[in-house]
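Engineer: attaching a predicted model along with its sequence, questions to come.
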Amino acid sequence: YMLEKGVVGESVADIADRSRRLVVVEKFGEYLAKIHDNKIVGWGELVSINEARCGSYLEYYEYLLPKVDEGLLPIVKRVLENTNESCLNHADTCYVHTYVDREENFWGLIDFDDVLGAPCLYDLAEFYGSLDGDMEMWERFMLGYSKFGQKVDIDSLEFLVNQYLIFLDSYLWYAKSGRADLEQDKQDSLARVTMLREKIKLLG
C-alpha cells in the first residue's frame, strides 16, 4: 500500500513557456542529484530504507537478460557486472512526474512507488529518453545536476546499456498489456531499442 498526499501544482510538461521550463529543469537536476547522494546497499527493489534485495546489478536484471539481443548479451552482462555503486533512484523520471507550484517554481517529484537501488545512470538514462532528443533541455538539466553530482556522457557504453534495458523493459510491458491505446508507446519503445542496439554494437 502507498499513501499519497494531495498537492497543488502542475507538471513541467504543462509549462508553455520554454525559458521557464528550462529554469525548472535545471532545479530538477539539482534535486535529482541530491536523491542520488543517498547510497544503497544492494540493487533493485528496497527491503529497507537503505538496502535493496539483489546482491548485484546483474542479478537484478536476470529477468530481462533472456530478452536481450543475443549479439548484445556479452556486452550488456559486462556492463552490469562492472557496475559497482548503487544509490537511491526514483525509477520513473519524466516530465509528467516533475511538478511546479502555482508560480511555476519547482517543488518536487511525485510517484515514488517504483523507487529502487541502482546506478544513477538508471534515472538519468530514463529522463534523457523522455526528452526525445532535446539537447538544450538535457544540457540545462545537467547544469543543475552537476552542482551536486557528476556530469555524465550520454554516448558512453554504460549510459547506452542502461537506456537499452529501460526501453526493452518498457516495450515488453506494453506488448504484454495488449492495450490498443498503448500501441504507439510500444512502437516508440521498440524504435528506441533498435536504435540503441546499433549504437551499443558500435561501441561494444
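Structural biologist: Noted; the coordinates are in hand.

Engineer: going along the chain, name the strands of this protein.
Structural biologist: 10-11, 43-48, 51-54, 87-89, 98-100, 106-109, 116-118 (DSSP state E).

Engineer: which other residues reach the last one?
Structural biologist: Going back to what we said before, that points to strand 116-118. 40-46, 51-52, 57, 60, 86-89, 91, 122 (C-beta atoms under 8 Å, 6 or more residues apart in numbering). (Glycine included, C-beta is placed from N, CA and C.)

Engineer: from the chain's centroid, how far away is that strand?
Structural biologist: 11 Å (C-alpha atoms, centre = their mean, to the nearest Å).

Engineer: ok, it: who's next to it in the sheet?
Structural biologist: Sheet pairing here is set by DSSP bridges, and for strand 116-118 it gives strand 43-48 (antiparallel), strand 87-89 (antiparallel).

Engineer: for the shortest one, give the mean pLDDT please.
Structural biologist: Translated: strand 87-89. Averaged over strand 87-89, pLDDT sits at 97.

Engineer: likewise stretch 57-68?
Structural biologist: For stretch 57-68, the per-residue pLDDT averages 97.

Engineer: CA-only coordinates of that stretch in CSV, if you can.
Structural biologist: Extracted as CSV, the C-alpha positions of stretch 57-68 are listed here (Å, rounded to 0.1, in the frame of the first residue of the first chain):
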residue,chain,number,x,y,z
TYR,A,57,23.1,-5.2,-10.8
LEU,A,58,23.4,-8.3,-12.9
GLU,A,59,21.2,-10.2,-10.5
TYR,A,60,18.6,-7.5,-10.6
TYR,A,61,18.3,-7.7,-14.4
GLU,A,62,18.3,-11.5,-14.6
TYR,A,63,14.6,-11.5,-15.5
LEU,A,64,15.3,-9.4,-18.6
LEU,A,65,18.5,-10.9,-19.9
PRO,A,66,16.7,-13.7,-21.8
LYS,A,67,15.1,-11.0,-23.9
VAL,A,68,18.3,-9.2,-24.7
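
Engineer: and the strands paired with strand 116-118: which comes nearest Arg78?
Structural biologist: Nearest to Arg78, of all these, is strand 43-48, at 16.3 Å by C-beta to C-beta.

Engineer: report the buried members of the contacts of strand 116-118.
Structural biologist: 40, 42-44, 52, 57, 60, 86-89, 91, 122 (16 or more other C-beta atoms under 10 Å).

Engineer: returning to that earlier point: put together TSV for the strands of the chain, with distance to Tyr164 on each row.
Structural biologist: Output for the strands of the chain, formatted as TSV (distance: least, C-beta to C-beta, whole Å):
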stretch	distance to Tyr164
strand 10-11	26
strand 43-48	17
strand 51-54	19
strand 87-89	17
strand 98-100	24
strand 106-109	24
strand 116-118	14
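
Engineer: mind checking these for the one nearest to Leu196?
Structural biologist: That would be strand 116-118 among the strands of the chain, by C-beta to C-beta, at 17.5 Å.
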